[in-house]
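S.K.: missing the sequence, but the structure's below:
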Ligand code: 7TS
C-alpha cells in the first residue's frame, strides 16, 4: 500500500448489524459462519430490495406495456449498468446476466464449439474448480481440441515457467481462476492474460472467488471474458454475470434458443437479437439481477480496499493460531493469498472435524471443494476449509480455534 492510499478502518460491529443471519444460533451456540467461499451471507439492504421487488413491482420484463413491467425492466437494466460500472466494462451490452459462474463458463465453452478444430489447444490451470474444467473437457470432446494444464507447486501457486512452455500458435483459449476456491491463491492474471494475448489466445477468468475480495477492472486487465456469481458477493443465488469483450460476444453463437434472444422468428428463418439479449433466452432472474446491483452498492459502500485489508488481518491472525496446533498442516501457502485456509490435522478425516465444529455452531466446508485435481496433487481426500468475509471477527476465530482443539482431542 502506498503512503497516499490509507485504508479506512472497518467498523465490524456496525457491519454485523446489517446481517440478520449472524444473530441466529446453531445447535444452541451463536452461529460462526466460516463457509463464505461457498456462499456469502446477505445484508438487510439486499434483503430489503428483494422484498420490495416481490411486494411492489414483480413483473416480466422487456415485454409489457404496463407500469409494473416498465418498473421491473428499468430496475433490471439499471442494475446491469451498476455491474458494468463496477467491473469497468466499456459497454453495458458486454454484461450478460447468467445464473452464475457455472452458466457463464458453459455459455463461452459452448460458443467456442464452432470456433475450435482438431489441432487447436486450450490451457487450464491445475487450481481450477470443476466448473472451470469440465465444460472445457466437453468442448475438447466436441471439437477435437487438446486440453493442456498449467501445473501447481506445493505452495499452491501456478508454475508460470511451465505456462510459458505450453503457449504456442495453436493455443486458442486460456481459462484460469483469479483466486483458487480450495487454497485461496491469488493468481497473477494480468501476466497470464498478457502472455496468452502474445500468441493470439483469448482468456476467460473465473472470478467466482475474487469478486467478494477484489474489484477487477476488466479493461485494465484486458481480459476477454470474466465470470462471477452474485451469491459470493452478498447477493442472491441463481444470478451472476458474464463480461465479454464486444468483439468476442459478437463472434460467439447464442447458447440457448427461446424468447428474448430473437429479432424475428418464422419457420423458415430466425434472426437473433443483438447484445446482450442474444445470450439471455427466457424470463431471467429479474429480482436476482436487481439484488445483484444492490449487493454491489453495498460492497462499494464499504470499499474493496477496506474489505481486503481487514480480511487480510483475519487471514494472518487465523493462520498464526492454526500453525500452533500440533499436527495441523495448511494446504495453500502462496505469497498472494486471500482469506481462505484449507487444512488437515494429522490423520483425522476432515468430515469428522467439520461435524464436531457444526455441533459447536461453526460452519466450515469439508471435502474436495470441487477441486479434485488439487486434492490429488497433495494426495489427500479433502481438507477442512475456513473462509472469512469482512463480517467475521477475531473473536470468532478465537472461538473456532478453541473448538477445533477440542475436536482434535475428541478424535485423537
Ligand atoms: N469457480 C470457482 C472458483 C468457485 O469457487 C465456484 C463455486 C464456482 C466456479 C461455481 O460457482 P457457481 O456459483 O456457479 O456454483 N465454489 C464453491 C465452493 O468453493 N464451495 O461451494 C461452491
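M.R.: Good, I have the coordinates. The structure presented is a predicted model; accordingly, all values stated were derived computationally and were not measured.
S.K.: Now the residue lying closest to residue 392 once chain neighbours are set aside: which helix or strand?
M.R.: Spatial nearest neighbour of residue 392, excluding adjacent residues (C-beta to C-beta, 6 or more residues apart in numbering): residue 314 at 5.9 Å. C-beta here means a position set from N, CA and C on the backbone, and glycine is covered the same way. Assigned by DSSP states H and E, residue 314 falls within helix 304-323.
S.K.: ok, how many other residues are close to residue 257?
M.R.: The local packing of residue 257 (other C-beta atoms under 10 Å) involves 12 other residues.
S.K.: helix/strand/coil for it?
M.R.: Following DSSP: H, G, I helix; E, B strand; the rest coil, residue 257 is assigned to coil.
S.K.: between the helix or strand containing residue 83 and helix 304-323, how big is the angle?
M.R.: Assigned by DSSP H and E, residue 83 falls within helix 67-87. Orientation check (axes from the mean of the first three to the mean of the last three C-alpha atoms, to 10 degrees): helix 67-87 against helix 304-323 gives 70 degrees.
S.K.: by contact count, what packs against the helix or strand following helix 67-87?
M.R.: Downstream of helix 67-87, the next assigned helix or strand under DSSP H and E is strand 95-98. Judged by 3 or more C-beta pairs under 8 Å, 6 or more residues apart in numbering; DSSP states H and E, the packing partners of strand 95-98 are helix 67-87, helix 101-111, strand 240-244.
S.K.: Swap in 7 Å and give it another go.
M.R.: helix 67-87, strand 240-244 (3 or more C-beta pairs under 7 Å, 6 or more residues apart in numbering; DSSP states H and E).
S.K.: mind putting the ones you listed in JSON lines, distance to the ligand, mean pLDDT and mean neighbour count included?
M.R.: Shown next, in JSON lines, are the helices and strands packed on strand 95-98 (distance: least, C-beta to the nearest ligand atom, whole Å; pLDDT from 0 to 100; neighbours: other C-beta atoms under 10 Å):
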{"stretch": "helix 67-87", "distance to the ligand": "16", "mean pLDDT": "97", "mean neighbour count": "18"}
{"stretch": "strand 240-244", "distance to the ligand": "6", "mean pLDDT": "98", "mean neighbour count": "29"}
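S.K.: Of the ones you listed, which is nearest residue 297?
M.R.: helix 67-87 (6.8 Å; C-beta to C-beta).
S.K.: which residues are in contact with that closest one?
M.R.: For helix 67-87, the external contacting residues (C-beta atoms under 7 Å, 6 or more residues apart in numbering) are 57-63, 92, 95, 215-216, 218, 226, 241, 243, 286, 289-290, 292-293, 296-297.
S.K.: so how many other residues sit close to the residue nearest to residue 392?
M.R.: Residue 314: 22 neighbours (other C-beta under 10 Å).
S.K.: Would you mark the buried spots in the helix holding residue 314?
M.R.: Going by neighbour count (16 or more other C-beta atoms under 10 Å), the buried part of helix 304-323 is 304, 307-311, 314-315, 317-319, 321-322.
S.K.: Repeat that for stretch 271-284.
M.R.: Of the residues in stretch 271-284, 272, 273, 275, 276, 277, 278, 279, 280, 281, 284 count as buried by neighbour count, 16+ other C-beta under 10 Å.
S.K.: so where do the helices sit in the chain?
M.R.: For the chain, helices defined by DSSP state H occupy the ranges 12-17, 44-52, 67-87, 101-111, 134-143, 160-166, 189-198, 218-221, 246-251, 286-302, 304-323, 350-359, 372-378, 394-411.
S.K.: what sits up against the last one?
M.R.: Think helix 394-411. Here helix 394-411 makes contact (C-beta under 7 Å, 6+ apart) with 32, 34, 314, 317-318, 321, 325, 345, 348, 352-353, 356-357, 360, 362, 386.
S.K.: same thing with the fifth one?
M.R.: Contacts of helix 134-143 with the rest of the structure, by C-beta under 7 Å, 6+ apart, involve 105-106, 109, 112-113, 116-117, 122, 124, 145-147, 175.
S.K.: thinking again about what came up before, hmm, which of the contacts of helix 394-411 are the buried ones?
M.R.: For the contacts of helix 394-411, a burial check counting by 16+ other C-beta under 10 Å picks out 32, 34, 314, 317-318, 321, 345, 348, 352-353, 356-357, 360, 362, 386.
S.K.: Would you mind checking which of the contacts of helix 134-143 is nearest to the ligand?
M.R.: Nearest to the ligand among these is residue 105, at 7.3 Å by C-beta to the nearest ligand atom.
S.K.: tell me the contacts of residue 360?
M.R.: Residues near residue 360 by C-beta under 7 Å, 6+ apart: 29, 403.
S.K.: quick one, phi psi at it?
M.R.: When read as degrees, to the nearest 10, the backbone of residue 360 gives phi -100, psi 10.
S.K.: With residue 246 as the reference, measure out to the closest residue to residue 155 other than its chain neighbours.
M.R.: Distances taken as C-beta to C-beta, 6+ apart place residue 333 nearest to residue 155, at 4.8 Å, with adjacent residues excluded. In this view, residue 333 and residue 246 are 40 Å apart by C-beta to C-beta, to the nearest Å.
S.K.: Looking at those two, which one has more neighbours?
M.R.: residue 333 (16 against 13).
S.K.: any idea how far the more buried one is from residue 342?
M.R.: Per C-beta to C-beta, residue 333 is found 10 Å from residue 342.
S.K.: so how far is residue 284 from the closest residue to residue 61 other than its chain neighbours?
M.R.: Spatial nearest neighbour of residue 61, chain neighbours left out: residue 73 (4.2 Å); criterion: C-beta to C-beta, 6+ apart. To residue 284, residue 73 is 11 Å away according to C-beta to C-beta.
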